[in-house]
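Colleague: Please work out how this folds:
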Amino acid sequence: MFENILGQAEACSCLRRDVERDELPGSLLFDGPPLSAKLSTALELARVLSCEREAAWNCACPQCARHRALVHQDIMLVGPKSFREELAIGARMMETAPGSASRYFFIRAARKLVRRFDADLYSGEEGRLAKALPLVRSVLEGIDACAPVETGTHTDAAAAKEASKLLGVCAKLEDMLPTATPVFQIRSMEFWARLKPYGRRKTIIIEHADRMLDASRNALLKILEEPPLHAVFVLTTSRRSAIIPTILSRVRRYRFIQRSSTDARSVIERIFKDRESTADSVASYVSAYRAASTLAIAEFARSYAAAIVAAAGTLRGFSDLPLIALAESGASVRKVIAEVVAGTSNFGGGDEASAWTFPAFLDETGAVFVRLAREKGAGLETIRTAELYAALARDALLRYSSYNLQPVALTERLADAFIYGTPTV
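Modeller: Model (predicted):
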């Protein structure tokens, strides 16, 4: 058991010991940096707890087979997550390293997304789910086309082509995920968790537990206080300090570490099937599969913020020091927008898998103004400027998501409204 988890020997050893001694608690916290195999370990734990034999990774029992394909009825996945990079890696693997392992990797990546739309999570909120179901069906049909040779009928080339086509559909589906775990999902999960399992145990995995809303945290506390004996709750986080103490007191912590460069190379070569990459960390490898990395988006956002503040300052003038300092680094608004458009491939206009870049760009620009308002010398003028941008960004995002307006036009419109003080509607 846990043979497939690389670079986390201590955490896996503790889990193995607790499972073998039948000392595993009902509530666990997997705490560690991003991309440290927390979800993979949680999924492996779910398989181990359901196995009818000795839980070896290649176990052929029906329970393990269903877990490996991520179709087992006794598992539930909750919480926000970015899937684009893992899906893109899987699609690349199917092209450059064809075979069952690459197909399984892509299928599991797609199902990690689809399982966030299980009907059991949307009890009483079927209207929300109905909007996503057409995309869910499209993804499931594509997954069938990517099935391994022993169960599927498509050649490696045809399966790889299908996987590439699915990236855009998956990106649209991911955009429909809540950015923070809503309370209705926690309540739906609680009801589901108390039902009798199909097999031996139920496993509920709540990713990014630190991002839950207050109502969701309070609802989660209720079931963590009295968890069903047949259920195991696994919370994952990269920010343990952001989880409220009352939840921390009810979970047992398993610490995950940043992988060494040697372990990272093993992951890249053995899991991602890439021996040509020169990346020395999993994070740097994964970042190469982002159409525009989050670091690039953050840099574009700062340039954009500086440009519109500089242009507005020319007309109105600013007296707060943070605004003056930011304006000094501002370039031409048109030039900056052109650089952003080029650097994000027109905000993913030619690649649906990159459609996330526009909302991310708006958020990152907003973060620039939030930080500005916290700087020394920031006064009412800076706060009002931040509030103006926030209102304009909300309007731009609404027009983008509801009316399908072009991101470039919205970016230009937002700049004009910010500079000249025109109404947002």
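Colleague: How about residue 31: what's its closest non-neighbour residue?
Modeller: residue 240 (4.6 Å; CB to CB, 6 or more residues apart in numbering). C-beta here means a position set from N, CA and C on the backbone, and glycine is covered the same way.
Colleague: and the longest strand for the chain?
Modeller: In the chain, assigned by DSSP state E, the strand with the most residues is strand 231-237.
Colleague: other SSEs contacting that one?
Modeller: Here strand 231-237 touches strand 27-31, helix 38-50, helix 183-194, strand 202-206, going by 3 or more CB pairs under 8 Å, 6 or more residues apart in numbering; DSSP states H and E.
Colleague: Report the angle between the second one and strand 202-206.
Modeller: For the pair helix 38-50 and strand 202-206, the angle between their directions (axes from the mean of the first three to the mean of the last three CA atoms, to 10 degrees) equals 170 degrees.
Colleague: cool, the first one as well?
Modeller: Using the same axes, to 10 degrees, the direction of strand 27-31 lies 40 degrees away from that of strand 202-206.
Colleague: Can you tell me the strand partners of strand 27-31 and which way each runs?
Modeller: Strand 27-31 has the following strand partners under DSSP bridges: strand 231-237 (parallel), strand 252-255 (parallel).
Colleague: mind checking how far it is from the chain centre?
Modeller: Its chain's C-alpha centre and that of strand 27-31 lie 18 Å apart, by CA atoms, centre = their mean, to the nearest Å.
Colleague: before we move on, back to that, reformat the helices and strands packed on strand 231-237 as CSV; add mean neighbour count.
Modeller: Converted to CSV, the helices and strands packed on strand 231-237 look like this (neighbours: other CB atoms under 10 Å):
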stretch, mean neighbour count
strand 27-31, 23
helix 38-50, 24
helix 183-194, 19
strand 202-206, 25
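Colleague: Of the ones you listed, which is nearest residue 112?
Modeller: Closest to residue 112 of the helices and strands packed on strand 231-237, according to CB to CB: helix 38-50, at 7.4 Å.
Colleague: and for that closest one, what are the contacting residues?
Modeller: Here helix 38-50 makes contact (CB atoms under 8 Å, 6 or more residues apart in numbering) with 1-2, 4-5, 8, 11-12, 15, 19, 24, 30-32, 55, 63-64, 67-68, 70, 72, 74-75, 81, 112, 199-201, 203, 205, 207, 232, 234, 236, 256.
Colleague: please redo it, this time with the cut-off set to 7 Å
Modeller: By CB atoms under 7 Å, 6 or more residues apart in numbering, the surrounding residues in contact with helix 38-50 are 1-2, 4-5, 8, 11-12, 15, 19, 30, 32, 55, 63-64, 67, 72, 74-75, 199-201, 203, 205, 207, 232, 234, 236, 256.
Colleague: Buried subset of these, written for PyMOL?
Modeller: The buried residues among the contacts of helix 38-50 can be selected in PyMOL (16 or more other CB atoms under 10 Å) with this line:
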select buried, resi 1+2+4+5+8+11+12+15+19+30+32+55+63+64+67+72+74+75+199+201+203+205+207+232+234+236+256
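Colleague: and the closest residue to residue 69 other than its chain neighbours, what element?
Modeller: Nearest residue to residue 69, sequence neighbours excluded (CB to CB, 6+ apart): residue 107, at 6.8 Å. Assigned by DSSP states H and E, residue 107 falls within helix 100-114.
Colleague: Can you pull out the low-pLDDT segments for the stretch 151-300 of the chain?
Modeller: 151-153, 290-294 (pLDDT under 70).
Colleague: now the helices: where do they sit in the stretch 1-150 of the chain?
Modeller: Here the stretch 1-150 of the chain has its helices, by DSSP state H, counting those that start in this stretch, at 9-20, 38-50, 62-68, 84-96, 100-114, 126-145.
Colleague: Now do the second one against helix 9-20, angle only.
Modeller: Going by the same axes, to 10 degrees, helix 38-50 is angled at 20 degrees with respect to helix 9-20.
Colleague: What average pLDDT does the helix or strand where residue 338 lies get?
Modeller: Assigned by DSSP H and E, residue 338 belongs to helix 333-343. Mean per-residue pLDDT for helix 333-343: 89.
Colleague: Packed most tightly, which of the strands paired with strand 27-31 would that be?
Modeller: Highest mean neighbour count of these: strand 231-237, a mean of 25 (counted as mean count of other CB atoms under 10 Å).
Colleague: picking that back up, which ones are touching the residue nearest to residue 69?
Modeller: 69, 143, 146.
Colleague: Export only the CA atoms of the longest strand of the chain, formatted as PDB.
Modeller: Taking C-alpha atoms only, strand 231-237 is exported to PDB below (Å, rounded to 0.1, in the frame of the first residue of the first chain):
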ATOM      1  CA  ALA A 231     -16.600   7.000   7.300                       C
ATOM      2  CA  VAL A 232     -13.200   8.600   7.100                       C
ATOM      3  CA  PHE A 233     -12.800  12.400   6.500                       C
ATOM      4  CA  VAL A 234      -9.600  13.600   4.900                       C
ATOM      5  CA  LEU A 235      -9.000  17.400   4.900                       C
ATOM      6  CA  THR A 236      -6.100  18.800   2.800                       C
ATOM      7  CA  THR A 237      -4.500  22.200   3.100                       C
END
